[in-house]
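Colleague: Next one to model:
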Amino acid sequence: ERSHEEKINHSEFSELESLFSSNPVNKNGLNKSKSSFKSRAKNQQVTFIDPRRAYNIAISLAQFRTFENYDRLCEAVVSMDRSKLDLEKLSNMHQLLPTRAELNR
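Modeller: Residues are numbered from 1 along each chain as shown. Predicted coordinates:
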């Protein structure tokens, strides 16, 4: 059996990384990455959450692949559909929520 880490593919991790990171901004409030392709390659990403946590979140989200999309997952949560979301999945989902420190960044 493959581990959780092997189940997550690179594209899913990249998608999460793009959702939870931003490009650096200069003093004028302008996005530095708009200058040139070379400077974009040299810019470092500023992340809102620890990369290790982002990776763990990506792994944990793999358990929700059975849903067609995130809208269907939300519908299952709102309707409290126990046939699709058991206590373990809900508990795992709760652990994926941002911490107070992450919200305050």
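Colleague: Let's test this: what are the backbone torsions at residue 65?
Modeller: Main-chain dihedrals, residue 65, degrees, to the nearest 10: phi -70, psi -20.
Colleague: Can you check what pLDDT the model gives it?
Modeller: We have a pLDDT of 89 for residue 65.
Colleague: And for residue 38?
Modeller: With respect to pLDDT, residue 38 scores 53.
Colleague: now for the strand or helix carrying residue 11, which elements pack on it?
Modeller: Remark: residue 11 resides in helix 10-19, with elements defined by DSSP states H and E. Contacts defined by 3 or more Cβ pairs under 8 Å, 6 or more residues apart in numbering; DSSP states H and E place helix 10-19 against helix 51-61. Glycine gets a C-beta too; all of them are placed from N, C-alpha and C.
Colleague: Let me see the mean pLDDT of the helix it packs on.
Modeller: Mean pLDDT, helix 51-61: 89.
Colleague: That one: what's the following helix or strand?
Modeller: The element immediately downstream of helix 51-61 (helix or strand, assigned by DSSP H and E) is helix 70-78.
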